[in-house]
Each structure stands twice: as structure tokens, then as C-alpha cells.
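>>> Sharing a model prediction with you, sequence too.
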Protein chains: 2
Amino acid sequence: MKDQLSLLQTLSVETDSKIVMLVLDGIGGIPHPDTGLTELETAATPNLDALAAISICGMSDPVMPGITPGSAPGHLGLFGYDPLEYYIGRGVLEALGIDFELRDGDVAARGNFCTLDENGIIVDRRAGRISTGKSTALAEQLCGIDVEGVEVIVKAVKDHRIIVVFRGEGLTDKITDSDPQRVGFRPQTVERLAVDGSKMAEAANQFIEKALHVLKNHHPANGLVLRGFSQKPDLPGFSEIYKLKACAIASYPMYRGLAKVVGMDIIRTGQTVQDEIQSLVENYRKYNYFFVHYKPTDATGEDGKFERKVAMIEELDRVIPQIQALGPDVLVVTGDHSTPAVMKGHSWHSVPVMICGAFCRPDNVNSFNERACLYGGLGHLTASQIMPVAMANAMKLEKYGA
Amino acid sequence: MKDQLSLLQTLSVETDSKIVMLVLDGIGGIPHPDTGLTELETAATPNLDALAAISICGMSDPVMPGITPGSAPGHLGLFGYDPLEYYIGRGVLEALGIDFELRDGDVAARGNFCTLDENGIIVDRRAGRISTGKSTALAEQLCGIDVEGVEVIVKAVKDHRIIVVFRGEGLTDKITDSDPQRVGFRPQTVERLAVDGSKMAEAANQFIEKALHVLKNHHPANGLVLRGFSQKPDLPGFSEIYKLKACAIASYPMYRGLAKVVGMDIIRTGQTVQDEIQSLVENYRKYNYFFVHYKPTDATGEDGKFERKVAMIEELDRVIPQIQALGPDVLVVTGDHSTPAVMKGHSWHSVPVMICGAFCRPDNVNSFNERACLYGGLGHLTASQIMPVAMANAMKLEKYGA
């Protein structure tokens, strides 16, 4: 019994106890140079701190020390899947996030409308962040593009972001991106990465060529780049492993997509954390595992807005009592990775985690931040070890061995 | 992507940022019975302590808890190679350390001149630590020994230490040592450990027999023992994995050998730490990774000289500002293993580590020793995880996954 998921599937039992996993996206930070304090250390978080005092705390490495995860590996780890073993492509994620029903064999790509200069060089990778409405109109035009032997479906995601799905026989995701991921370069020709990749690469290039023709008078959205060509992965089901009735509450599409790919039910919710809490309250009786995703901590970190991230942490802190009022048997609070405002992006730094429950064995930690949680009872663990501990605390795991 | 080195090779990018990894050999200790303080805790180390205050600190297990490493696994771990997966024999190490060009198929052994009594029993495993000059003269005599079908090359290393290289068709390193590694025993007959080991075992025994005849009137060097028969391992290249221009600065041959086996350039240097620092300064522009090895902390620990080891730590402490003055983007200070003076040898104890860089996320640790670093932000990690964290801090690793 070497594989963690197999072990958990063997040991897990169905019970009524409820687990709430609150994921504060990109919560970890590094100190502001002026104060020497991180975002969490700067924020006034009386509720998170009070929760830490009755929780077992620790630090979580999303993948392994030194590795900066994207959102998919960050969340797969939190769901208990080894992110080095299971991989989800960006295209699939985005497609699932807008409730697009990917079929087996479909190849999905994440697309950006972009701005090209007169020489075809990318000058803005986001086409001035055009509106979702504009994107939707353009996507509809691109949907009509005729590619030999392949159906191509284009859908707007948000702002300049779209997905392009290729449907047909004999497609594969073993091809390169057209997106060079920086300005000053042309969109690249898609190339096959495997012997059976020719049909797919040709379809992608044919689509892109025709799309550029359609877009040429739509400045600033006069270009298109594709990346993360991927097919739906075959992941062991979350509900089967843990014997949970699991749902996801997330205002941002990609995180709903991630939950869907492991088989969670998706709860419709609004854009604010209050909307999310209301969805949690309304659905609380129907499920016994709730993945609640809070995006603003990551978004403000990505934007390099230290004070804004602090404010978003404080906003989140204010809803903690509402979650506690539901009386979950186990409440987990952590993040999928760090997004230090100082670095304006995801980072490798470990992430505070706390697990509260009747049997959690609290430690001496009574504030929820990067330095305090270093002294917690969980020590340093890998994100994929959080689910087993949460399950144990919910009395959902039987004894291993005689 | 499950293998750490493959993952790092995929994620690593070439940049100008520079990493200095300062390895204090055998730095970890255990408390002196009179004071209750370890060597590091006893030493006055204002510079290391000031560095700890701005670093992220932790404790490193060279291989895994409880395992006492030799120098090779200790360093392979620091270079990011799993020492349980990759193995370097002692003979190969010593050969590489004296710039001996091993060919594929060569089998190298580490030899000691030793002193035998009239019954052929070893009474001094180091032949009174005879001079390198005397060793060189004896090695030249042994070089002429005729072994059937095999060329034998003997080279002095330092003091009583030599290497013996067997060159010919069909040789293997799957044989036992002749060195019993303690006094009071005779040199042992070499035996094969695999079915194809007969030719090699016979060649080794034939050589030893003839060598003893040559040496018999050279008391105290009237005997010879061989150990660590080994062939050049096929390791993935350090520079290829990390995309670094890497060099090694080490006054002691074996550590140059270790660096060479992973493909680092070897910088000529002198015997003192000041020589090493000067080599670092002189070559600082040419490379972006520097392995700097400090031997005296291990040598004094091996000799059981507690106060001397403390003095060597203090000597090292005084050069830290010279390294900092170069402004490396990332400065790592750690050891390859512990060598507690009280134990007069390598031990399994975890080793303090600190990583300093603009994005390191300092913790509350402000002194560099075994007890203080327990509370560091790195927690407990395995030595092979230090390189990924150093690479991340140098902004040399891309994000993993979408």
C-alpha cells in the first residue's frame, strides 16, 4: 500500500461529520521592506488568530520546497493528490471553469486576445484587457472558423481570456504553445511534440491563421495566442477516495473547474465573499465537505498591492465567525501557495495552515501567520498531507493495520 | 514528472544571479559534557549570527533521519542528488580529487599505507601518517607491479593515502575491501561480490601480494590496505540540471573530486580559507554558482578536538563579511553532515542551514547553531531540497504547472 490515495480510499468511512476547507488563495507573503512584516502579520485578524489558538497549526509546502506552483498543482495538493503525479493542463482548467462540458478526446487551449503591431509582433498580451462582452462577440465569430476534419469551439472566459476546444478523431495535446508568453515576439507556430501530433498541430495552426484574418480589424484585439493545450485528465474521484459528498464554492471560474475535475459538485455563487458564505450556509445540510475558495488575497498579491492584500485578509477575517457558527466538525484554513505582494506573483514559500476540530490537539500558536505557524503542532508538511489530517480529525479514517 | 532532478531541469532557467554555497564540513555537533553547549553554540560567531538574522534557517538531514553519511552522500545531497539513488565509491572520489583521469571501465580503490607487525597484523592504519613525499616514492615503486592482463596505476594522494587504479577488459567494482578498517586484524583477501567479479578479485589479490613484497622493508609503511573499489558513476550533470555555470573551490582533494564528478569546474586554490576566499573573489565574475568547501570543522571534529573545532568555526566566521561583500544573490551556509568532536567521527545528526537572499522570508532565528535553527522557516528538510530552495531564491526556477 504505497500510494496515499489508495491508502485513504481503503481507510475512509462515510460519516455525517462535516469538513470545511477554506482556501485563501496566495495567502502566504514575505515581509514588507519598510516594516519587516508580511501581509498576514500586518493585518488585524482577531478571528483567524482566535481560531489558531484552538487549532493545530503548521506550514505547508504546496509541492515541495523551492517549487512555485500554478493554481492547479496548488489545489490538487490541497485535495490530497500528489501534484507531481497528477497534472492538469491550463486549457482543461479554463474550459471546466466556464462549465464547458469537455468530452473525452477534446483538446482545450487557453487563449488570449492580444494586440499585434504592423509587423505581427505582440505589443500587449491582453489586448488592453478588453471586456468580457467584446470577447464574447469575437469568440462567436471565431466559432464559425472551418478547420479540416476538426470542430473548433471558442468561448469567452473573462476579459481577454478565451478557450478554444478542438474536437475530432485522433487529436492529442502533445503540441507546443503558440503563446510566447511575452511581448516583443510573434505568436509561434504550433509544433508536434509526439509522432501522432501532426493532425493536432496542423489543426491548431490552421485555426490560428484563419482567426488572425477574422481579427485583423479588431484592434486592440487583433491577435490571438494559445497555450496549455490539454485533455481531460483521468483523476481518481475525490468522493470515491474520501467517501465524501463534496462541493465547491468559488466565485472565480478556474477554481470551480479544478473542483469539477476531481468530481466535486459546483455550487452557484456570487462574486463576493458574502455570496460565498451565503452559498455555504444554504448548502450546508446537503454536503459534508466544502471547498470554499477566496480569490482576493491572490489577486491583490499578483497586483503587488500590499495594503490591498492586507485589507482583503481583514475582509476575510470578518466572515470567519459565520463559518464557525455552522459548527463544522473540522475547519481547515490554508492557502494553495504564497503570492507575496512584494514579488507580484506566485512563489515557493510555504503556507500557514490550521486545522480546528474537537480532537485537533492545539499547540501554542495563537496567531495565524507565517512566523507564528512555524511553531505549530503540524510542523512542516506537504499540502497533500492536509486532507488525511482533516479526515482523521473528522473521524473519517479507520485504523491502519492490526 | 516525479523525479526531482528531471523536474528541476524542466523548471530551471539561465540567469545572471549568483549562488554561493558555503559548506562547513562536519559543522553539526553535540553538546560538550561540561558546558552543555555544542561547538557552534560555544563559538563566538557574530557574522554567522548576523547572517542568520536576515536568512531563512532550518535543519537539514543529509540523507534521512538516523543515517550517518560519508562525504560523498553528504555532498551529493547538497548538490540536489538523492544520495540513496546515486552512489560514488571512495576510490573514484580519491582518483578524481587528484585530477586522475579515470576512463570508463577503470576500477579505482582508495589505499592506505599501513604498519604491519611480524605476524602481518595491522598496528597502525596510517603508517604513522608518512609524508606525501615518501608516499609518492613508494607509489612509484608499486606502479611497476606486473598483474596478469591488467594495468595497475598507483598514485599518492596525501600523507599515507594513495589510489590504485586497475585498467583492463572485464573489470568490475563488485568486490570486497582488503581494508578491515581497524587495527588488530590482517588485511583481508579480496572476494568477488558478483559472478563476473573473479578477474577483478584475482587482480586485486595478486597486486596486494606483490605490493607487500615490495613494501616489506619500508617500515612503518610496510603494508597496504585497499577499500572502496569503484567505477565512475554516470550522474546527470549539475550544469545541465540547474543551467548554472558552476565551480568548486576546495582545498582538499576529495571535495574537488566530488564537484568534478557532477561536472563543476575546479578552481585551483591554496590550503587556507583565505586562499579559498581569494579564489572566490578572483573567479566571481566567471561563474554563477560557487561551491566553497571548508574542511577544518570536520578535521578537528574527527580528531575529537572540541576547542579546536570551536576555533575553526570562529576562523570561518571572520571571512563571512568577505563573501557578503561580493553581493551574491543567494548565500547558503550549511554542512554536509555533523562531526561532533565528542564522537570523533561523522554522525547522523541534522545540520543547521541558512539561506540568505532578497526574497528568503527571514524567520525569528538570529544565531546559527543546532538549537536556534530548529525554529527556522525551513523547518526540517532533506539536504537534497536545499538546492531547489536556493535556486528559487535566485529566481532561477519557473512556475510548475498552470
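It's in.
>>> Would you map the helices across chain A?
In order along the chain, chain A carries the following helices (DSSP state H): A:4-11, A:39-42, A:46-53, A:71-78, A:90-97, A:132-143, A:198-215, A:238-242, A:253-261, A:273-283, A:296-302, A:306-325, A:386-393.
>>> What residues sit buried inside the first one?
Read that as helix A:4-11. Within helix A:4-11, the residues that qualify as buried by neighbour count (16 or more other CB atoms under 10 Å in any protein chain shown) are A:4, A:5, A:8, A:11. (Glycine included, C-beta is placed from N, CA and C.)
>>> of these, closest to chain B?
Of all those, residue A:4 has the smallest distance to chain B: 13.4 Å, by CB to the nearest CB.
>>> Take the helices of chain A and write them to JSON lines, including distance to residue A:156 and mean pLDDT.
Below are the helices of chain A laid out as JSON lines (distance: least, CB to CB, whole Å; pLDDT from 0 to 100):
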{"stretch": "helix A:4-11", "distance to residue A:156": "35", "mean pLDDT": "97"}
{"stretch": "helix A:39-42", "distance to residue A:156": "32", "mean pLDDT": "98"}
{"stretch": "helix A:46-53", "distance to residue A:156": "36", "mean pLDDT": "98"}
{"stretch": "helix A:71-78", "distance to residue A:156": "20", "mean pLDDT": "96"}
{"stretch": "helix A:90-97", "distance to residue A:156": "11", "mean pLDDT": "87"}
{"stretch": "helix A:132-143", "distance to residue A:156": "4", "mean pLDDT": "95"}
{"stretch": "helix A:198-215", "distance to residue A:156": "14", "mean pLDDT": "96"}
{"stretch": "helix A:238-242", "distance to residue A:156": "28", "mean pLDDT": "97"}
{"stretch": "helix A:253-261", "distance to residue A:156": "11", "mean pLDDT": "89"}
{"stretch": "helix A:273-283", "distance to residue A:156": "22", "mean pLDDT": "98"}
{"stretch": "helix A:296-302", "distance to residue A:156": "19", "mean pLDDT": "97"}
{"stretch": "helix A:306-325", "distance to residue A:156": "26", "mean pLDDT": "98"}
{"stretch": "helix A:386-393", "distance to residue A:156": "34", "mean pLDDT": "98"}
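>>> before we move on, back to that, near chain B, from the buried residues of helix A:4-11?
Of the entries in these, not a single one is placed beside chain B under the rule of CB under 8 Å from any CB of the partner chain.
>>> hang on, the earlier thing: between the helices of chain A, which gets nearest to residue B:27?
helix A:39-42 (31.1 Å; CB to CB).
>>> circling back: take the buried residues of helix A:4-11 and lay them out in TSV including distance to residue B:267.
Formatted as TSV, the buried residues of helix A:4-11 follow (distance: CB to CB, whole Å):
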residue	distance to residue B:267
A:4	44
A:5	48
A:8	50
A:11	54
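>>> leaving aside the residues next to it on the chain, what's closest to the residue in the stretch 51-200 of chain A positioned nearest to chain B?
Distances from the stretch 51-200 of chain A to chain B, computed as CB to the nearest CB, single out residue A:66 as the nearest residue at 2.9 Å. On the basis of CB to CB, 6 or more residues apart in numbering or on different chains, the spatially nearest residue to residue A:66 that is not a chain neighbour turns out to be residue B:388, at 2.9 Å.
>>> Let me see the contact set for that neighbour.
By CB atoms under 8 Å, 6 or more residues apart in numbering or on different chains, the contact set of residue B:388 is A:64, A:65, A:66, A:67, A:348, B:4, B:8, B:80, B:397.
>>> and the gap between the nearest residue to the fourth one once chain neighbours are set aside and residue B:89?
With CB to CB, 6+ apart as the criterion, residue A:67 has its nearest non-adjacent residue at 5.2 Å, and that residue is residue B:400. Taking CB to CB, to the nearest Å as the measure, residue B:400 falls 34 Å from residue B:89.
>>> contacting residues around the closest residue to residue A:14 other than its chain neighbours?
Closest residue to residue A:14 apart from its sequence neighbours, by CB to CB, 6+ apart: residue A:243 at 4.3 Å. Shown here is residue A:243, whose contacts under the criterion CB under 8 Å, 6+ apart are A:12, A:13, A:14, A:396.
>>> Angles on the backbone of the last one, please.
The reference is to residue A:396. Reported as degrees, to the nearest 10, the phi and psi values for residue A:396 are phi -110, psi 10.
>>> Compute the number of surrounding residues for it.
Number of residues near residue A:396 (other CB atoms under 10 Å in any protein chain shown) recorded here: 25.
>>> quick one on the thing from earlier: where's the dip in pLDDT among the contacts of residue B:388?
In terms of pLDDT, residue B:4 ranks lowest among the contacts of residue B:388, with 94.
>>> Touching, that residue and residue B:386? I think so.
No: if you go by CB atoms under 8 Å, residue B:4 and residue B:386 don't touch, sitting 11.8 Å apart.
>>> what is in contact with the two at once?
Counting by CB under 8 Å, 6+ apart, the residues touching both residue B:4 and residue B:386 are residue B:80.
>>> which residues does residue A:154 bridge with?
residue A:164 (DSSP bridges).
>>> Contact partners for it?
Residue A:154 touches A:111, A:139, A:140, A:142, A:143, A:145, A:162, A:163, A:164, A:165, counting by CB under 8 Å, 6+ apart.
>>> In CSV: those residues, plus neighbour count.
Converted to CSV, these look like this (neighbours: other CB atoms under 10 Å in any protein chain shown):
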residue, neighbour count
A:111, 29
A:139, 20
A:140, 12
A:142, 22
A:143, 13
A:145, 17
A:162, 25
A:163, 27
A:164, 27
A:165, 21
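>>> Perfect, I'm done here.
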